[in-house]
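Q: Okay, predicted coordinates and the sequence, questions at the end:
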Amino acid sequence: MDAALNNLTPEQRQAVMVQAQQQANQQIMSTMVEAMTASCFEKCAGTSGDRLDSREQSCLANCQDRYLEIRQAVQDSLERRQQ
């Protein structure tokens, strides 16, 4: 792969690197969403049946909000590193 990169122009190499970084960032975010879903559900959902009560719904919403705030901070940090 290094030999293939050496045959590219600097602009093409930069484009390949940016695309690779974007793909890595997407994977990080996907993993984070999966973790959010599992963690929030485990934390908030009880065993009261097949529906969430209002307390569980509120807990899930708050938990997801916290994860999304963290996700945004991570995304901002990754974008600053790319610049």
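A: Now that the structure is in, tell me what you want to look at.

Q: And the residue nearest the centre of the protein?
A: Centroid-nearest residue in the chain, with Cα atoms, centre = their mean: M29, separated by 1.3 Å.

Q: list the contacts for that one?
A: Each residue near M29 by Cβ atoms under 8 Å, 6 or more residues apart in numbering is listed here: 71, 74-75. (C-beta placed from N, C-alpha, C; glycine too.)

Q: I70 too?
A: For I70, the contacting residues are M32, taking Cβ under 8 Å, 6+ apart as the criterion.

Q: D76 versus that one, what's the distance?
A: 11 Å (Cβ to Cβ, to the nearest Å).

Q: And for Q19?
A: The gap separating Q19 from D76 is 20 Å, by Cβ to Cβ.

Q: One more: D50?
A: Per Cβ to Cβ, D50 is found 38 Å from D76.

Q: Which of those two has more residues huddled nearby?
A: D76 (10 against 4; other Cβ atoms under 10 Å).

Q: Low-confidence stretches in this protein?
A: Low-confidence segments of the chain, defined by pLDDT under 70: 1-2, 48.

Q: now the helices for it?
A: With DSSP state H, the ranges of helices along the chain come out as 2-6, 10-44, 54-82.

Q: what sits against V33?
A: Listed by Cβ under 8 Å, 6+ apart, the contact partners of V33 are 67, 71.

Q: And T31, how close does it get to E69?
A: Here the criterion is Cβ to Cβ. By it, T31 lies 17 Å from E69.

Q: Please work out how many residues are found near Q19.
A: Taking other Cβ under 10 Å as the definition, Q19 ends up with a neighbour count of 10.

Q: Quickly note the distance from it to I28.
A: Using Cβ to Cβ, one gets 15 Å for the distance from Q19 to I28.

Q: Mark which of the contacts of M29 are buried, thanks.
A: R71 (16 or more other Cβ atoms under 10 Å).

Q: can you put the contacts of M29 in a markdown table and add distance to A38?
A: Supplementary listing: the contacts of M29 in a markdown table, determined by distance: Cβ to Cβ, whole Å:
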| residue | distance to A38 |
| --- | --- |
| R71 | 15 |
| V74 | 18 |
| Q75 | 20 |
